[in-house]
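# from the sequence below, what's the structure:
(one chain, ligands or ions: 1)
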Amino acid sequence: MKSLIDILDFTVEEIDELLVVANDIIANPKKYSEMCHGKKLATLFFEPSTRTRLSFEAAMYELGGNVLGFSEAGSSSSAKGESVADTAKMISCYADIIAMRHPKEGAPLVAAQNASIPVINAGDGGHNHPTQTLTDLLTINREKGRFENLKIGFCGDLKFGRTVHSLINAMSRYEGNTIYLISPTELKLPDYVKNDVLIKKNIKYVETQSLDEVMPELDILYMTRVQRERFFNEEEYLRLKDRYILVPEKLENAKEDLIIMHPLPRVNEISVKVDEDNRACYFRQALYGKYIRMALILKLLKEAGTI
Ligand code: CP
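Purely as a prediction, here's the structure:
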């Protein structure tokens, strides 16, 4: 059974196919409006979410399907001690596909190993967030028109930012990219990502604490929130949370065709004044998330023989 747990579960060709379908959905939404008629998506969210859960739900409704699920662990039987494996077996009786977010790294993988329907990782702890990566890839595809020869700056919490880990993995499969890692020492990219992806694949990368220094180089600036919920120490969070705040003045030396991305939610790291800059594409990015999730649901249900 094909699931999506890690972005590398999909080949570059499969991702290209998803992008083609997502772009076709944007152009011809009516063509897709009944493709999942009578099918059910279960959204199992053991952690808070606005964009991921609701864009999955909107995606399934726009495909003509239905949605069931829960948005907090406390309202499911996990609060009584039910395991992820048993939950996945149960939901396989009630739905055709699962989207799961969980605070424990690897929980969606356990679900996929026990479910008899496709499972989509909608974010597991500080580990991976592959559907955000698909969203980011559709954004880059539509806004930049290529995945090669880009200078991409990741700024903020590169330690706990699971969207950063997944997108670095995805972009490492394309030629000629340079990755700029902009963070305080305490929030540096984990060694396992640096060693296993950047060094192993011989990807050019630069580590710096200064956003100003690299801003003129960048084609893409990917801002991130400092992930309060993953800190053990509140004082440390308070010390680091406002280290990078993007304000219009900081963009004075940036390229005219820079795109500013952010998986959202933002807290304080991008001033609302930046929203007026046409290089800010984080709200369009969130919209693209719905279309790529529609394409993903179609792909997995087709491969499962459900539609
Ligand atoms: N980008 C993202 O995962 O947002 P949510 O936490 O609101 O789903």
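
# residue numbers of the protein in contact with the ligand?
Residues of the chain found near the ligand (C-beta under 6 Å from any ligand atom) are 49-52, 123, 132, 263-265. (Glycine included, C-beta is placed from N, CA and C.)

# in the protein, what residue sits furthest out from the centroid?
In the chain, counting by C-alpha atoms, centre = their mean, Lys80 sits farthest out from the average C-alpha position, at 29.8 Å.

# so which of the residues of the chain next to the ligand sit within strands?
The strands in this structure, assigned by DSSP state E, contain Gly123 from the residues of the chain next to the ligand.

# export the residues of the chain next to the ligand to CSV and tack on pLDDT?
Listed next are the residues of the chain next to the ligand as CSV, based on pLDDT from 0 to 100:
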residue, pLDDT
Ser49, 96
Thr50, 97
Arg51, 97
Thr52, 98
Gly123, 94
Gln132, 97
Pro263, 96
Leu264, 96
Pro265, 94
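
# ChimeraX command for the buried members of the residues of the chain next to the ligand?
Applying 16 or more other C-beta atoms under 10 Å to these, the buried members can be selected in ChimeraX as follows:
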select :49,51,52,123,132,263,264
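
# re earlier: any idea how far the residue farthest from the centre of the chain lies from the ligand?
26 Å (C-beta to the nearest ligand atom, to the nearest Å).

# can you tell me, leaving aside adjacent residues, what's nearest to the residue in the stretch 101-250 of the chain that the ligand sits nearest to?
Nearest residue of the stretch 101-250 of the chain to the ligand, counting by C-beta to the nearest ligand atom: Gln132, 5.2 Å away. Nearest residue to Gln132, sequence neighbours excluded (C-beta to C-beta, 6 or more residues apart in numbering): Thr163, at 4.5 Å.

# ditto for Arg230
Arg230 sits nearest to Phe160 (C-beta to C-beta, 6+ apart), 4.1 Å away.

# and Val12, by the same measure?
What sits nearest to Val12 in space, not counting adjacent residues and going by C-beta to C-beta, 6+ apart, is Arg173, at 5.4 Å.

# please, which helix or strand holds that neighbour?
Secondary structure assignment for Arg173, by DSSP states H and E: no helix or strand.

# list the contacts of the closest residue to Ser271 other than its chain neighbours.
In space, and not counting its chain neighbours, Ser271 is closest to Val247: 4.6 Å by C-beta to C-beta, 6+ apart. Counting by C-beta atoms under 8 Å, 6 or more residues apart in numbering, Val247 makes contact with 271, 273-274.

# identify the residues contacting the residue nearest to Arg230.
126, 187, 227, 230-231.

# now do 10 Å
Phe160 sits next to 125-127, 187, 190, 224-231 when contact means C-beta atoms under 10 Å, 6 or more residues apart in numbering.

# where does Leu41 land in three-state SS?
The three-state label given to Leu41 by DSSP: H, G, I helix; E, B strand; the rest coil is strand.

# surely it meets Ser55?
No: look at Leu41 against Ser55 with C-beta atoms under 10 Å: they stay out of range, at 11.5 Å.

# okay, and the common contacts of the two?
Counting by C-beta under 10 Å, 6+ apart, the shared contacts of Leu41 and Ser55 are 99, 293.

# find the least confident helix or strand in the chain, judged by mean pLDDT.
In the chain, no helix or strand scores lower on mean pLDDT, DSSP states H and E than helix 234-240, which sits at a mean of 84.

# just checking, what packs against the helix or strand following it?
On the C-terminal side of helix 234-240, the closest following helix or strand by DSSP H and E is strand 259-261. Here strand 259-261 touches helix 130-143, strand 151-155, strand 220-223, helix 282-303, going by 3 or more C-beta pairs under 10 Å, 6 or more residues apart in numbering; DSSP states H and E.
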